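*Asks:* Task: produce atomic coordinates for the following.
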Amino acid sequence: MKKLVAFLCMLICILSMTGCSKTETTDYTANYDQEALKDTTEQFFSMLQNEDDTTIQNFLAMDNSQISSDNDLALEIKAGFQAWLDNRDELGDFDPQESDVCTLTADEDGAVLVLESTFTNRTGRITANYGTDGTLISFNVEPVYSMAENLENALLNTVLGMGIVFIVLIFIAFIISLFRFINKAESRVAAGHKEESRPVQKEVPRPAPAPAPVPAPAAVSEPMDDLELVAVITAAVAASMNTSVDKLVVRSIKRRSTNKWHKA
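*Replies:* I've put the predicted structure just below:
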């Protein structure tokens, strides 16, 4: 807790430091002392690097209203400290040099100091925003990469992006290739449902074929019956002719179409 209080006191002192000149002109940069703003920025980062990560994280966990009455300003201040935590290991310790490049721009709302400063691991870019009264409002810090590093990162990002795209395309092609198996499975399932829903037709026994008619056996005339019939007819004829049966010879008997016996 004591470290957090000391850190807040340090922050208040740094933010209250001014770097304004008294000259009023349309060239707003003339209203600010660039060297004084540079010294203020360097002093702030020299003190900031001495704070451990836990103290800064406790500060970030504070409510915005405890940092500033302006919520947007509180968010900007927190963003600066978070940027320092994120890039601290990559940048290393703050080690300002006389050769560090400093650029100042200003308008009616304040000034922006961009400092290409030296750190132990690589060059870092510090952007400090000052109010019209010359007080430090917010800041940001980020590593400065060389052209070769930027090209390398761009190439890696391109290769990574293309690799992801090709992997996704291959996966999609594999999924599409499985559709034929899905269609076959659906066809088999549909065929099974169709067979189950089809009514079972009972086999009706066919009637047995009718037996072929057996031809009636031809009537065999008995010789004795025919002889008797001939004898009766011969006797009748002999009686009608008033003659003897011995004088008659029957050669054949035929049925006539007209029957004269009915007329007698």
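
*Asks:* contacting residues around stretch 102-114?
*Replies:* Outside stretch 102-114, the residues that touch it by CB atoms under 8 Å, 6 or more residues apart in numbering are 28-29, 31-32, 34, 37-38, 41, 115-116, 125-132, 134, 137. Glycine gets a C-beta too; all of them are placed from N, C-alpha and C.

*Asks:* ditto for stretch 231-239
*Replies:* S244, V245, K247, L248, V250, I253.

*Asks:* what's the closest of the residues you listed to A79?
*Replies:* A79 lies nearest to I253 out of the contacts of stretch 231-239, by CB to CB, at 147.6 Å.

*Asks:* Can you list the low-confidence ranges for the stretch 101-250 of the chain?
*Replies:* For the stretch 101-250 of the chain, residues meeting the criterion pLDDT under 70 lie at 194-226.

*Asks:* Using ChimeraX, make a named selection holding only the buried ones among the contacts of stretch 102-114.
*Replies:* Command for ChimeraX that selects the buried part of the contacts of stretch 102-114, burial taken from 16 or more other CB atoms under 10 Å:
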select :28,31,32,34,37,38,41,115,126,127,128,129,130,131,134,137
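
*Asks:* Would you map out the domains in the chain?
*Replies:* With domains defined by automatic domain parsing, the chain comprises 2-144, 147-183, 223-252.

*Asks:* now those domains as JSON lines including distance to G192?
*Replies:* Shown next, in JSON lines, are the domains of the chain (distance: least, CB to CB, whole Å):
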{"stretch": "domain 2-144", "distance to G192": "61"}
{"stretch": "domain 147-183", "distance to G192": "15"}
{"stretch": "domain 223-252", "distance to G192": "80"}
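
*Asks:* Follow the chain on from the helix or strand where A185 lies and name the next helix or strand.
*Replies:* A185 is part of helix 179-197 when elements are defined by DSSP states H and E. The first helix or strand that comes after helix 179-197 along the chain, using DSSP H and E, is helix 223-241.

*Asks:* Pull the distance from that next one to the chain's centre.
*Replies:* Computed by CA atoms, centre = their mean, to the nearest Å, the chain-centroid distance of helix 223-241 equals 117 Å.

*Asks:* do the same with stretch 109-121
*Replies:* Distance of stretch 109-121 from the chain centroid (CA atoms, centre = their mean) equals 47 Å.

*Asks:* May I have that stretch as PDB, with CA atoms only?
*Replies:* The C-alpha coordinates for stretch 109-121 follow below in PDB (Å, rounded to 0.1, in the frame of the first residue of the first chain):
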ATOM      1  CA  ASP A 109      -5.700  22.000 -27.200                       C
ATOM      2  CA  GLY A 110      -2.100  21.100 -26.100                       C
ATOM      3  CA  ALA A 111       1.200  19.600 -27.300                       C
ATOM      4  CA  VAL A 112       2.400  16.200 -28.300                       C
ATOM      5  CA  LEU A 113       6.000  15.200 -27.700                       C
ATOM      6  CA  VAL A 114       7.300  12.200 -29.600                       C
ATOM      7  CA  LEU A 115      10.600  10.900 -28.300                       C
ATOM      8  CA  GLU A 116      12.600   8.200 -30.100                       C
ATOM      9  CA  SER A 117      14.400   7.100 -26.900                       C
ATOM     10  CA  THR A 118      17.000   4.600 -26.200                       C
ATOM     11  CA  PHE A 119      16.300   1.500 -24.100                       C
ATOM     12  CA  THR A 120      18.800  -1.300 -23.200                       C
ATOM     13  CA  ASN A 121      17.200  -3.800 -25.700                       C
END
